[in-house]
Structures are given as C-alpha cells and as structure tokens.
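K.L.:
A structural model of the following input is requested.
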Amino acid sequence: MVKWVVRIFGGIVAFIVIVIFAGCAYQALAESNDARAYPPPGQLLDVGGYKLHLYCIGNGAPTVILDAAFPAQVSNWVWVQPQIAKTTRVCAYDRAGHGWSDLGSEPRDAKQQARELKTLLEKANEKGPFVLVGHSLGGLYAREFTDMYPDQVAGMVLIESSHPDSWKRQNMTEGVGADAGMLNVAPMLARVGFFRAGLFPVPKADAALPELQRNEEQAYFNSVKYFENLRAVNNSFSAALQQVRETKNIGAKPLAIVVGTASENFQGVPRELQEDLLKLSTNSAFISVDGATHSGLVDDERFADETANAILKIVEAARNKE
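P.N.:
Reported below is the predicted structural model:
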C-alpha cells in the first residue's frame, strides 16, 4: 500500500512538473511569435539599462507627446496621432512595462515615469518645449513631468485624466483595480500559460481599434510583462498619487480638459474632479465630446478627430505665446 501511495504521489508530482514545463514553453513560444508578427512601429532607446519605445511622425513645433491610459500603448493613438501629424510633430511612447517597452526599475511612481520620459526624449534628440497629452492615468504622469521640468512644457491636454483624489472621493481603494494578492501570483500564472490558455480571463483589446492595432494590444495583454507591470504599478500607486497632489499649477500655460459625454467621468464626483483640473492653469478650457466614452475619446475613430482638434488648439495657443 505504501509503495502504491508513493507511486501515485510521484506520478502526480511528475504530471504537475510536465504541465508547468509545457505551459512555460507554450507561453514563451507564443510571445516569440507575437514579437515577430507585431514589431514596434518606432524605435527602442536605452534609458539606463532598459529600453523604451518611441514613435514619432510629422514635422513642426511644438512637438506633441502622447502619454496613454493604463494599460494602453502606442497602438491606441492610431486614430489621433496621424491627425496631429498633419500640423506638427507628434510622438507617442510606451511607458516602461507597456507595449514594446521593457519593464523599468521600481518604484513605478510618477517621478520615475517623468524621469524616464525626459531621458527618452533626450536620447531621441527631440527638442522642447513640448505639448504634453495625458489620457487617464497618463494625465498624472504628464502633470508630474510638467512640475519637474516646467521649461520643457509649452502646454498640456488632459483627456479624462485621473485625479489624484478620485479614489478617496469615491471611497475606492487606491490601485489598478485588482486584488493585491492576485497580482502577486499573476505573473507566475502567466509564465506557465494559464492566462493565454484561457484558464483565467485577460483584458480584451478595444474593438474600436483597427485590426492590426487591436492585435498588437491583445499580444501585450497576453504577455507575462503585462502582469508584471500591473503588479509594479499597483505597488507604487498611492505614492504616485501623493506625488501628483504635491505638484504646482502651471501658471498661464494653455490647458485643455477633454471629457466624453458618454463617459462615467461626465457626471457626479468624477465630473467635479474633471472640472477641478481647470484650476491648474489660468488659461484653461473644458471640452466635451458628445457621445464619447472614456476609451473612445482616443480609441474610436468617430471621436478621435475631435480629440485631435482639442490638442491642436493647445498647439496653436502655444505657438501664439512664443
């Protein structure tokens, strides 16, 4: 009986080991295939032992810098970026851990994100001052960059930017919206292919994006890096919010707050917080895009032109101020 128990136990252990190795191989092969199928549209530049992805098109000044929502990437600007490029130079980039960028050093707080963007732009020889555009969580990092490097910013557009007090005002836990315990094990589960195999759900790429960009985004959501980034950002979330609370106003630099009327940020406390952002500048405007959702302001072709036009108004205001 003892021998049979040992054999059964050994068989179970062997089976588990085989499943783990097979899962790891499956995940690694799939990520390798994704990397070949979806190469980065821009350039990868070293910012201190790891590389960030920067994609620039167009000519003219000031250059617009696009900082995406969390956990979006360069692909999500596919409708907006070309419209801006008709008028001026525009660069979209992937924050560390997003899209084609490597995982960066921790903590992943607002100051670290701002320092990395500054280094990235210097490495690419992109000249400021810039018009910074931040969508959702990207708005926090745009504000931090402006506070740390005010001479490098000519204007700012906040597309339904996160407000550092939003979580407290709505009695929500500060974080990326996932259980911290689950985030600690998620990278390991991803590494053995559990998410890619459909055993646990992963986010779905926005259906409003073109097929190529939708597939690029889905490839990122299926990667181990995505889950590692979720954990890293969540670990520094409260620290990042506090850093942004301590930032200063931007004086008379032109600022646009862009909100979609079909978004959850267009009513109640979220609407109040969006309007509160107007106080960041003495030269600010509140722009509402009829029918647009939070993601649709950028991801949906029906509303992307209006968002791009709002950005171009700040570009023009920055030019007139020079």
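
K.L.:
now do the contacts for the closest residue to Leu183 other than its chain neighbours.
P.N.:
Closest residue to Leu183 in three dimensions, ignoring its sequence neighbours and counting by Cβ to Cβ, 6 or more residues apart in numbering: Arg231, at 4.4 Å. Every residue, glycine included, has its C-beta placed from N, CA and C. Taking Cβ atoms under 8 Å, 6 or more residues apart in numbering, we find Arg231 in contact with Leu183, Asn184, Ala186, Pro187.

K.L.:
low-scoring pLDDT stretches of the protein, where are they?
P.N.:
Along the chain, segments meeting pLDDT under 70 span 1-23, 322.

K.L.:
what about the helices in it?
P.N.:
Assigned by DSSP state H, the helices in the chain fall at 2-37, 80-85, 110-123, 137-148, 166-169, 180-191, 211-221, 224-235, 237-245, 268-276, 296-299, 301-321.

K.L.:
mind checking the ones you listed for the one nearest to Gly58?
P.N.:
Closest approach to Gly58 among the helices of the chain (Cβ to Cβ): helix 80-85, 3.1 Å.

K.L.:
quick check: buried residues in that closest one?
P.N.:
Across helix 80-85, burial judged by 16 or more other Cβ atoms under 10 Å covers Val80, Gln81, Gln83, Ile84, Ala85.

K.L.:
pretty sure the third one is touching Glu301, no?
P.N.:
No. Using Cβ atoms under 8 Å as the test, Gln83 is too far from Glu301 to be in contact (10.2 Å).

K.L.:
which outside residues touch stretch 302-319?
P.N.:
Under the criterion Cβ under 8 Å, 6+ apart, residues 61-62, 64, 79-80, 83-84, 87-88, 129, 131, 133, 154-157, 159, 253-256, 258, 260, 283, 285, 287, 289, 291-292, 296-298 lie in contact with stretch 302-319.

K.L.:
going by neighbour count, list what's buried in it.
P.N.:
Quick answer for stretch 302-319 (16+ other Cβ under 10 Å): 303-304, 306-308, 310-315, 317-319.

K.L.:
same check on stretch 162-179?
P.N.:
By 16+ other Cβ under 10 Å, the buried positions in stretch 162-179 come out as Ser162, His163, Pro164, Ser166, Trp167, Gly175, Val176.

K.L.:
dump those residues into CSV; add distance to Phe195 as well.
P.N.:
Below are the buried residues of stretch 162-179 laid out as CSV (distance: Cβ to Cβ, whole Å):
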residue, distance to Phe195
Ser162, 26
His163, 31
Pro164, 31
Ser166, 28
Trp167, 26
Gly175, 19
Val176, 16
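
K.L.:
looking at those, spot the one nearest Gln274.
P.N.:
For the buried residues of stretch 162-179, the minimum distance to Gln274 (Cβ to Cβ) is 7.3 Å, reached by His163.

K.L.:
quick one, what contacts Ala285?
P.N.:
Listed by Cβ under 8 Å, 6+ apart, the contact set of Ala285 reads Leu255, Ala256, Ile257, Leu278, Lys313.

K.L.:
identify whichever of the helices of the chain lies nearest to Ala69.
P.N.:
The nearest among the helices of the chain, by Cβ to Cβ, is helix 137-148 at 5.8 Å.
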